[in-house]
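Peer 1: okay, structure incoming, though there's no sequence with it:
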């Protein structure tokens, strides 16, 4: 099956295969070709260039993209798409003045989601989750990381990871699974942290490894949740099962968690609403990708990741949704890109780089996703007719996507 897309107003994010991520000033550059063509064969990109050099091609499908922009699909490297029910009442609690911590302290938050999840069958959990996955695909996401973390029991965590695996088997979108048993301490372990960590290390991890259910391991490293020392113990245990770390850190407080993550060669550190000069210095000398989650900041009214400070220091940055029932009930990467521009003062070029090539890096799929590169997966967004790709973040409330291709197949 060969697809030829012609007369593309602008083909964005064209890269050599050797480019895995972009950092600092490089993020302000978004390589493109105006008046371009793109050739897809089966599920890969096989050719692209300027229309004046377009070869004579016999294609099964020809798409005229006059007036339209083509770019790689979004790579959403941080989500919690698999969950049961919702937390609508907590949304109203926050409107009425309760903080995230106050809601958690009275049994809400993560523990509320864990209760719902453990009362929901695996089949029902799959049915609820696939609706969300289909929605984000239609919104232009072509690769997604999904975490466990709402089970907080051996069976609950395994149930979530099995659902993630089933989604991966049934949909063309690339899915990476992350084990987040260390999302919060269950009520029965509130005063026995070491007991719960023993459960993670000695029971959950061996079973997850035996069924090959996870690619990564995560911890909510934060005051009131898991300390730096506890996080290190869990990262070490994950390492023993070949699980690379991707860690929640610096959402509310800077507690030297980033330094611990870098020490363990974490693939990414996520949230970073609070970032110190020391954190930046540590990240400068690492291969760890910082990941910002602006729609979380938007939804629960906390500070935004200081993108300008980080980019000016030469760091890379990725953007992700944090799609979850409590603090970001949206998987819309288009809104994430727009919010990064509007609230974090990232340029459209920086935001698109953060949501594509750097997002791919943050989930370990740079070789196959994140850019328009010959040999990479044919995951592309075709916009509606627009005057410039700047309209994508500018018209933040409008869906400007006309078609989405994932693995060479039109899904919208």
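Peer 2: Right, received. Where do you want to start? Here the structure is a predicted model, which is why all the values come from computation and not from measurement.

Peer 1: distance of residue 287 from residue 372?
Peer 2: From residue 287 across to residue 372, the span is 24 Å (C-beta to C-beta, to the nearest Å). (Glycine included, C-beta is placed from N, CA and C.)

Peer 1: what's the helix or strand for residue 77?
Peer 2: Per DSSP states H and E: residue 77 is located in strand 74-79.

Peer 1: where does pLDDT dip in this protein?
Peer 2: Across the chain, residues meeting the criterion (pLDDT under 70) sit at 412.

Peer 1: find the nearest non-adjacent residue to the spatially most central residue of it, please.
Peer 2: Residue closest to the mean C-alpha point of the chain, counted by C-alpha atoms, centre = their mean, is residue 77 at 2.1 Å. Leaving aside its sequence neighbours, residue 77 sits nearest to residue 362 (C-beta to C-beta, 6 or more residues apart in numbering; 3.8 Å).

Peer 1: got the phi and psi for the one you found?
Peer 2: Dihedral angles of residue 362 (phi, psi; degrees, to the nearest 10) stand at phi -70, psi -10.

Peer 1: tell me, how many residues neighbour it?
Peer 2: By the criterion of other C-beta atoms under 10 Å, residue 362 has 32 neighbours.

Peer 1: mind listing what it touches?
Peer 2: Residues near residue 362 by C-beta atoms under 8 Å, 6 or more residues apart in numbering: 75, 77-78, 145, 246, 267-268, 289, 291, 318, 320.

Peer 1: could I get the residues you listed in JSON lines, plus columns for distance to residue 172?
Peer 2: Formatted as JSON lines, the contacts of residue 362 follow (distance: C-beta to C-beta, whole Å):
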{"residue": "75", "distance to residue 172": "14"}
{"residue": "77", "distance to residue 172": "18"}
{"residue": "78", "distance to residue 172": "21"}
{"residue": "145", "distance to residue 172": "16"}
{"residue": "246", "distance to residue 172": "23"}
{"residue": "267", "distance to residue 172": "23"}
{"residue": "268", "distance to residue 172": "24"}
{"residue": "289", "distance to residue 172": "25"}
{"residue": "291", "distance to residue 172": "24"}
{"residue": "318", "distance to residue 172": "22"}
{"residue": "320", "distance to residue 172": "20"}
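
Peer 1: residue farthest from the centroid of the protein?
Peer 2: Largest centre distance within the chain, by C-alpha atoms, centre = their mean: residue 56, 38.4 Å.

Peer 1: so that one sits in a strand?
Peer 2: No: under DSSP: H, G, I helix; E, B strand; the rest coil, residue 56 falls outside any strand and is assigned coil.

Peer 1: residue 196 versus the residue nearest to the centre of the chain, what's the distance?
Peer 2: Residue 77 sits 27 Å away from residue 196, going by C-beta to C-beta.

Peer 1: ok, now residue 246?
Peer 2: Distance of residue 246 to residue 196, given as C-beta to C-beta: 20 Å.

Peer 1: and the two? Which one has more around it.
Peer 2: The neighbour count for residue 246 versus residue 196, taken as other C-beta under 10 Å, is higher for residue 246 (31 against 20).

Peer 1: wait, the more buried one sits on residue 215?
Peer 2: No: using C-beta atoms under 8 Å, residue 246 makes no contact with residue 215, being 9.0 Å away.

Peer 1: shared neighbours, these two?
Peer 2: The overlap between the contact sets of residue 246 and residue 215 (C-beta under 8 Å, 6+ apart) consists of residue 178.

Peer 1: just the strands from the stretch 151-300 of the chain, written as ranges.
Peer 2: 174-182, 216-221, 244-249, 268-271, 289-292 (DSSP state E, counting those that start in this stretch).

Peer 1: tell me the most buried of those strands?
Peer 2: With neighbours taken as mean count of other C-beta atoms under 10 Å, the strands of the stretch 151-300 of the chain reach their highest mean count in strand 289-292, at a mean of 29.

Peer 1: what strands line up against that one, and which way round?
Peer 2: Using DSSP bridges, strand 289-292 pairs in its sheet with strand 268-271 (parallel), strand 318-319 (parallel).

Peer 1: Throw those strands into a markdown table and include distance to residue 100, thanks.
Peer 2: Below are the strands paired with strand 289-292 laid out as a markdown table (distance: least, C-beta to C-beta, whole Å):
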| stretch | distance to residue 100 |
| --- | --- |
| strand 268-271 | 12 |
| strand 318-319 | 21 |
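
Peer 1: quick check: residue 64 vs residue 143, distance?
Peer 2: 27 Å.

Peer 1: pick out whichever of those two has more residues nearby.
Peer 2: Between residue 64 and residue 143, counted using other C-beta under 10 Å, the more crowded position is residue 143 (25 against 11).

Peer 1: so the more buried one, which of the three states?
Peer 2: Assigned with three-state DSSP, residue 143 falls in the strand class.

Peer 1: tell me which residues form a beta bridge with it?
Peer 2: Bridge pairing for residue 143 (DSSP bridges) gives the partners residue 75, residue 174.

Peer 1: who touches it in this structure?
Peer 2: 73-76, 173-176, 359-360, 363, 365, 369-370, 379.

Peer 1: mind listing what residue 322 touches?
Peer 2: Applying C-beta under 8 Å, 6+ apart, the residues contacting residue 322 are 78-80, 270-271, 293, 295-296, 328.

Peer 1: helix, strand, or coil at it?
Peer 2: Secondary structure state of residue 322, per three-state DSSP, is coil.

Peer 1: how far away is it from residue 184?
Peer 2: Distance, residue 322 to residue 184, using C-beta to C-beta: 16 Å.

Peer 1: pretty sure the residue nearest to the centre of the chain sits against residue 291.
Peer 2: Yes: with contact defined as C-beta under 8 Å, residue 77 counts as touching residue 291 (6.0 Å).

Peer 1: overlap in contacts, the two.
Peer 2: 268, 270, 318, 320, 362.

Peer 1: ok, so of those, who is nearest residue 13?
Peer 2: residue 318 (13.9 Å; C-beta to C-beta).

Peer 1: who does that closest one form a beta bridge with?
Peer 2: Beta-bridge pairing for residue 318 (DSSP bridges): residue 291.
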